[in-house]
Each structure stands twice: as structure tokens, then as C-alpha cells.
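Chemist: Return a 3D structure for these sequence lines:
(chains A, B, C and D)
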Number of protein chains: 2
Amino acid sequence: MKLEKVFAERMREAREAEGLSQEALGILAGIDEATAKVRINQYENAKHAPPLSMINTIASVLKRPVTWFLCEDDVKALNLAINQLSKSKRPEALVRAISVIELDSKTQPEN
Amino acid sequence: MKLEKVFAERMREAREAEGLSQEALGILAGIDEATAKVRINQYENAKHAPPLSMINTIASVLKRPVTWFLCEDDVKALNLAINQLSKSKRPEALVRAISVIELDSKTQPEN
DNA sequence: GGACTAAGATGATCTTAGCAC
DNA sequence: GTGCTAAGATCATCTTAGTCC
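Modeler: Next up, the predicted model:
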């Protein structure tokens, strides 16, 4: 898959996980209010691609490492993100991951 | 440091490690012979930035994961590269790393 | 051969103005 | 409010034509 498509998909995934609209993300990324929503939409649908500096800014706003947005393989992307965490923050990451697993098991208790 | 600069520096480092000229890298990346050397030079000196698809191609030619070109921290960049290797190839990567360490100790036997 | 640069040509993104739900 | 798109304006890269070592 083209890297532009990978970025677009991961961006949408991360934005929705943060509960932001396309416009809200654009404004937080420093884009002018008048054009924020259109530009983020163009990025997410891979109509256009942002420069690296904007990728960097978007990654900061969505609280994920830049590299996470450019890795097609989910497991590897998670590895990348964990390896970019300082070791002192990894226990917290583990706790959060476990909390999702518990949530999932409560929804589907048979599995 | 700006992400464009990070990419430029890592690109030069990887190209020189492969023993390629700027022109040779450009041609291997599929750029027309007439413009290959100028474009690679512009990328390496951060005069211009390539699109993500070209970053992907350059990464393939220089045999490193895309993410390695976009990580400022050397140790983290190495972690990223190792984590994107299949587990079966990690022993070979370790052997190569050790061979560099041995080379270094022969040059500076006191350290 | 190899690295680098200026400047105009070209092709991309960005902005504006809209529509659909 | 939110997501999305077309098309012209704008600005980036790409190409050409060079220099320097």
C-alpha cells in the first residue's frame, strides 16, 4: 500500500480515537480556521499529502510518534510506539493496554 | 530539529554507508538520469523535501525502514529498525552489530 | 567524477465556494 | 455540525544550465 494511504488511514484512526472533528484537529495543528477542515479532510482521504513538518505537528496533537503514522503493520506500529516511549513510561502504557483488554472481556465474557 | 532536516541527515548517512553517489542513488530510486543527482542533492541538503512515496522508495534502495529516516534519536532509530525486522533476522543483525564493535576495539584497543 | 546552486517551468497543495447528511 | 468535493490561486518541487573541487 502507498505510504500516503497508510498515513491517511492512521491519521483518521488516531483523530477518531481522540474524539476530535477534522476541523478541531486542523485548528489544534495551527491551520487557519477558514481552511482547517478542508485540509484535514484532504489529508485523511489522501487527496493531498502534507509536508513532513505538518505530519510532525499532527503527530504531536494526536499524541503518537511520527513513525506510528507511517507503518502499515499494526503490530510493528505498536512496537515502534512502545520503543519510542521512555522506559519509565512503559509500565503506564502496559496498564492502559490491560485496561482495554479487561473492557473487551466484560463486553464479550464468553471469549 | 525539523523533520525535514532529520530526513536529510539520515539519508546522507545511509547513502554514504551504502557507498553510493547522489546520482547513483537517484537512478536506483527510479529518477530520470538527467535530474537524479540534482534532486538527491536537494533532498540531502534539505532544499526540498520529497513526497512520501519517494521517501518509501529511497528507504527501500538504502535498505532501511522508512521510520528510521524520521527518528532524530539514534538509539530509538536503531530500536525502530530492529523492531521492524522479522524475529528470524534479528540474530544476523546482532552479529553484524557485534562485528562493528570488534572493528572499533581493534582501532582503539585501549578503550 | 562528484557535490552543489540559481532560477524559471512545472505540478503539487491550499483556498474558496459550494453540496449532502 | 460534520464530512466531503471541484476548481482556480498559490506555492512548493523539478528541471535546466551552470560553477567549483
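Chemist: Residue ranges of each domain in chain A, please.
Modeler: A:1-70, A:72-111 (automatic domain parsing).
Chemist: Go through those and pick out the most buried.
Modeler: When the domains of chain A are scored by mean count of other Cβ atoms under 10 Å in any protein chain shown, the highest mean neighbour count falls to domain A:1-70 (a mean of 17). Just so you know, the C-beta spots here come from the backbone N, C-alpha and C atoms, and that holds for glycine as well.
Chemist: how long is it end to end?
Modeler: Domain A:1-70 has an end-to-end distance of 11 Å (Cα to Cα, to the nearest Å).
Chemist: ditto for stretch A:44-52
Modeler: End residues of stretch A:44-52 are separated by 15 Å (Cα to Cα).
Chemist: just to revisit the earlier point, which of the domains of chain A has the lowest average pLDDT?
Modeler: Lowest mean pLDDT within those: domain A:72-111, at a mean of 77.
Chemist: which bits of chain A sit near DNA strand D?
Modeler: Within chain A, the positions adjacent to DNA strand D are A:21, A:22, A:23, A:24, A:37, A:38, A:41, A:42, A:44, A:45, A:47, A:51 by Cβ under 7 Å from any atom of the strand.
Chemist: still on that earlier bit, would you reformat the domains of chain A as a markdown table and include distance to DNA strand C?
Modeler: Output for the domains of chain A, formatted as a markdown table (distance: least, Cβ to the nearest atom of the strand, whole Å):
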| stretch | distance to DNA strand C |
| --- | --- |
| domain A:1-70 | 3 |
| domain A:72-111 | 19 |
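Chemist: hmm, back to that, also within reach of chain B: list those from the residues of chain A next to DNA strand D.
Modeler: Of the residues in the residues of chain A next to DNA strand D, proximity to chain B by Cβ under 8 Å from any Cβ of the partner chain holds for residue A:51.
Chemist: Next to chain B, which bits of chain A? Give me the list.
Modeler: Taking Cβ under 8 Å from any Cβ as the measure of proximity, chain A contacts chain B at A:2-4, A:7, A:49, A:51-53, A:55-56, A:66-67, A:70-71, A:76, A:79-80, A:83-84.
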